[in-house]
Every structure is written in structure tokens, then in C-alpha cells.
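1. just need the structure, nothing else, for what follows:
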Amino acid sequence: MTEPFKRKILVIDDDKKLQAVLTEYLNSHPYTVESAYTGSDGVAMIRDNTDVPFDLVVLDIMLPDMDGFETLRQLRTLSDLPVIMLTARIDETDRIVGLEMGADDYMHKPFNPRELLARIKAVLRRGAPSSSPRDTADSDLLYLGPFVFDMGRGKGFKAGKDLGLSAVEWDILSELVRHPGRPFSRDHLLNTARGREFDAFDRSIDVHISRIRKKTEDDPARPRYIKTVWGKGYAWSDEEHH
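-> Numbering: from 1, shown residues only. Got it, this is the predicted structure:
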């Protein structure tokens, strides 16, 4: 099973080096990647993955068995899930044909994986396909780098793993992640959780920040995400969510 809130992407491309790069890059964000090296294998994977369906397909036009257009045609008989097509050719006709056949976006090779990530996010924001239901509305999910924050249910995930936040920790962290780069004073952050019950020890916001860092940071002693802003308080880094 796919980990919670990890969008599942199928990359159909016979370029093994590109497959490895995209798998590593997208897996570091809230996505899990599966690879197919031929069009027929890709169609079979879409047909057979009924337990946890794919959310999006990245499809190359130049494939060793059948081209991307025929792959897309067969795919569309099975599902309306979003498709981003790739090509190394510069012929504008390819783009027009692909879009007319039902592709959602089109990218020329070579490309920066960061640009593909941006296009994946944009396509998925247009609306999840009926073949890929989710228990949480996408509008309630906040994506920041490897993190997914379910603002509706008060939960945070890093690389698909539940952070296990307490109610107070969620109150504080959610205030930070809603405003990356904006520092909040200790008093402000404590007031966000003023409806909670505190004992004398819990009144220190620094204690809560320390606990949150242990759950969010790779190295809590050298935090990347929750920054201390001297004289102002704490802020969620606006440099770590690309």
C-alpha cells in the first residue's frame, strides 16, 4: 500500500537514467514512483493496479514497442487519470496531437526535474481523477518539501510517515507552516494553544519547539525547517519547500 498522502506516479520511459533521476527526486517529495519501460507494460500496470490506483502518468512519446500516442490511446480506454507527455522532438505537431488525444500537459527533453514537479502539482490541483479517490480533499493538504500537512485533520507527515504530533505541537507547527518565512514570537505561538491545559513545565514554548524539531528535523541540533529568528521567535524556513 502507498503511504498516507503519497501521490502515486507512473513514469513510462525506456531511459533508465532518467527513470532513476525522477524516482529519486520525486520520492523526496510527497510522491511515490513506479517505472515502466514500454508502453504495453505501462498500460498493463494501470489496468492491474486497482488496489492503490495511480494519480498521474508521465509518458514519453518515443518508446520501444508502441509510441506514446498509442499508449495514451489505450490508457484512455482504461482511465481518465492525468498524463504529462515527454518528447525530445521539437515538432509542434506532436504537442498538438498529444493534447487532442487527452494529454494534460507536455514537456520537452531535456528538462529540470523541478519543472516537472511544478507541472505535476499544477495538473493534480486541477482535480483528482475519479479512479483515484482520497479520504481528504486536496485543498486541505499543504505540501512543503518532504512534508504533507493535513490541515483539516490536524496531522503532519514526512515522506509519508506520520509525525505523531500532540495537539499542542500541531497548534504550534500549523501556525508556522501556514506562513513560511514569517517569524512568530514565543508569546504568539503559545497563545495559539492557549485553550490547552498546561502544567508549569509546558509553559516554555522552547520545550515544545524542541519536541517538534525531534519529529521533523533530520538533525534537530542543526534545524533546516524550524529556524530560530533571534529577537523575534521562530519561523518555518521558506527555503526548504521546493
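
2. roughly how far does the one residue sitting closest to the centre of the chain sit from residue 9?
-> Centroid-nearest residue in the chain, with Cα atoms, centre = their mean: residue 30, separated by 3.0 Å. Plainly put, residue 30 is 11 Å away from residue 9 if you go by Cβ to Cβ, to the nearest Å. (C-beta placed from N, C-alpha, C; glycine too.)

3. got it, and residue 162?
-> In this structure, residue 162 and residue 9 are separated by 21 Å, where distance is defined by Cβ to Cβ.

4. these two - which one has more neighbours?
-> When residue 162 and residue 9 are compared for neighbours, residue 9 comes out ahead with 24 against 14, by other Cβ atoms under 10 Å.

5. which residues are contacting the helix or strand of the chain with the lowest mean pLDDT?
-> Per-element confidence for the chain was summarised using mean pLDDT, DSSP states H and E. The lowest value among helices and strands belongs to helix 92-100, with a mean of 73. Contacts with helix 92-100, where a contact means Cβ atoms under 8 Å, 6 or more residues apart in numbering, come from 61, 68-69, 72, 85, 87, 106.

6. before we move on, the earlier item: correct me if wrong: the residue nearest to the centre of the chain contacts residue 160.
-> Yes: with contact taken as Cβ atoms under 8 Å, residue 30 and residue 160 are classed as touching, separated by 7.3 Å.

7. contacting residues for residue 88?
-> When contacts are counted by Cβ under 8 Å, 6+ apart, residue 88 touches 62, 108-110.

8. no, scratch that, I was asking about residue 154
-> Going by Cβ under 8 Å, 6+ apart, the list of residues near residue 154 reads 165, 167, 170, 174.
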